[in-house]
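*Asks:* give me a model of this one.
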Amino acid sequence: MLKKLLIGIMLGLSLLFASCYPELSVQQYDKLKQDLVALDVRRAELELEIESLNAEIAALEAEHKADNADTRAYLNFLDKMISTQSSARILTGQFDVESLVNSKETLVTMAKEFGASEIGYYVGLMNSENESETVSAYYKTVEYCIKEIKKNLQ
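*Replies:* Below is the predicted model:
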């Protein structure tokens, strides 16, 4: 009796396991193989698209990096030029022409470094003998730098 029970249990389990793993027909196997090939082709296409997008992103980053470098150069120039002005004198309504003229050589060098010949021209107009022309050149330089910064940010 125990033998019949064990044989019955083993037959039942074998039928249970056989039904869990059905065999594929040749047509089903071929269909799955075709699906895998199609998916592999699509995967390869997507990988190429990813590479293309990564290259495009790198190009955009390089472009923005160049714009950021230009913007930073203009900001550094403005910072250097504005720092020539004494706060105490500005608060009393005076423009510090002497400090600006003393920094003229440094400012011209900075302008040449980032290729801003127009700024070099305006800074070249600054002299201690003509305060109004120096103030005008100072503000014209500020205006030019702001326009260039705005252009880089667009």
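
*Asks:* and the nearest residue to Phe77 once chain neighbours are set aside, how close does it get to Lys147?
*Replies:* With CB to CB, 6 or more residues apart in numbering as the criterion, Phe77 has its nearest non-adjacent residue at 5.1 Å, and that residue is Met110. Just so you know, the C-beta spots here come from the backbone N, C-alpha and C atoms, and that holds for glycine as well. For Met110, the distance to Lys147 (CB to CB, to the nearest Å) stands at 17 Å.

*Asks:* cool, and Leu53?
*Replies:* Between Leu53 and Lys147 the computed distance is 34 Å (CB to CB).

*Asks:* Ala58 now?
*Replies:* From Ala58 across to Lys147, the span is 29 Å (CB to CB).

*Asks:* phi first, then psi, for Gly93.
*Replies:* The phi and psi values for Gly93, taken as degrees, to the nearest 10, are phi 90, psi 20.

*Asks:* that one: neighbouring residues, count only.
*Replies:* 6 (other CB atoms under 10 Å).

*Asks:* so who does it touch?
*Replies:* Listed by CB atoms under 8 Å, 6 or more residues apart in numbering, the contact set of Gly93 is empty.

*Asks:* which residues in this structure form helices?
*Replies:* Using DSSP state H, the helices of the chain run over 2-20, 26-82, 87-91, 97-102, 104-113, 117-124, 131-153.

*Asks:* let me see the mean pLDDT of the third one.
*Replies:* If you average the pLDDT over helix 87-91, you get 77.
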